[in-house]
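In: build me a structure from this.
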Amino acid sequence: MQEFLAVAPAAWWPNPRRSLALDTGKISSYKYPMVRRRAGELLPIEQRILETGLEFGRAGEEFHGFALAAAMSGRDDGRGLTAHGTLYKALSRLAERGLLSSRWESADLATTEGRPRRRLYRVTGAGEVAQRSRSTATPRRRSLGTASA
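Out: Alright, predicted model coming up:
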């Protein structure tokens, strides 16, 4: 065992003078080009978040990420929960744009229930307008196989 300890650190310990190159081609989020969108345009997940958030609002409730994911899963014919990384990034973008307001729940409540604090969200007036204008807009689609007049 002492032989191993005398030789092993040099063999497995990284050399601080050697730079460690990061191969971004192996990281999935760097493999694909970033989606570009026009200012003010909502991504499909953002649209679904606003729609579902408004349903919570009509019931007089704020929502947190997991409750939102579960509700969205129920609306999407059981496609499964949205990945948390995707959901929370979208929630953050919507809050930064002023379409959602957020606050942390009481630490006392979380402690009493024996769980971490939740960040609670509510759709703002601007979020309702954005969702309404998006849902009333008619998508411009051209059907395949038909001649244009």
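In: wait, a strand at S102?
Out: Yes: the assignment for S102 is a strand, going by DSSP: H, G, I helix; E, B strand; the rest coil.
In: my read: it touches R118, true?
Out: No: the pair S102 / R118 is not scored as a contact, 10.2 Å apart, by Cβ atoms under 8 Å. (Glycine included, C-beta is placed from N, CA and C.)
In: these two - which one has more neighbours?
Out: Counted by other Cβ atoms under 10 Å, S102 and R118 do not tie: R118 has more neighbours, with 19 against 14.
In: tell me how many other residues crowd V123.
Out: Neighbours around V123, by other Cβ under 10 Å: 25.
In: do R122 as well
Out: Residues near R122, counting by other Cβ under 10 Å: 16.
In: the helix or strand harbouring it - contacts with which helices or strands?
Out: Per DSSP states H and E: R122 is located in strand 119-123. Judged by 3 or more Cβ pairs under 8 Å, 6 or more residues apart in numbering; DSSP states H and E, strand 119-123 is in contact with helix 44-58, strand 100-104.
In: go through the next helix or strand after that strand and flag the buried ones.
Out: Next in sequence after strand 119-123, counting helices and strands by DSSP H and E, comes helix 125-136. The neighbour-count check on helix 125-136 (16 or more other Cβ atoms under 10 Å) flags G127, A130, Q131 as buried.
In: I am finished for the moment; much appreciated.
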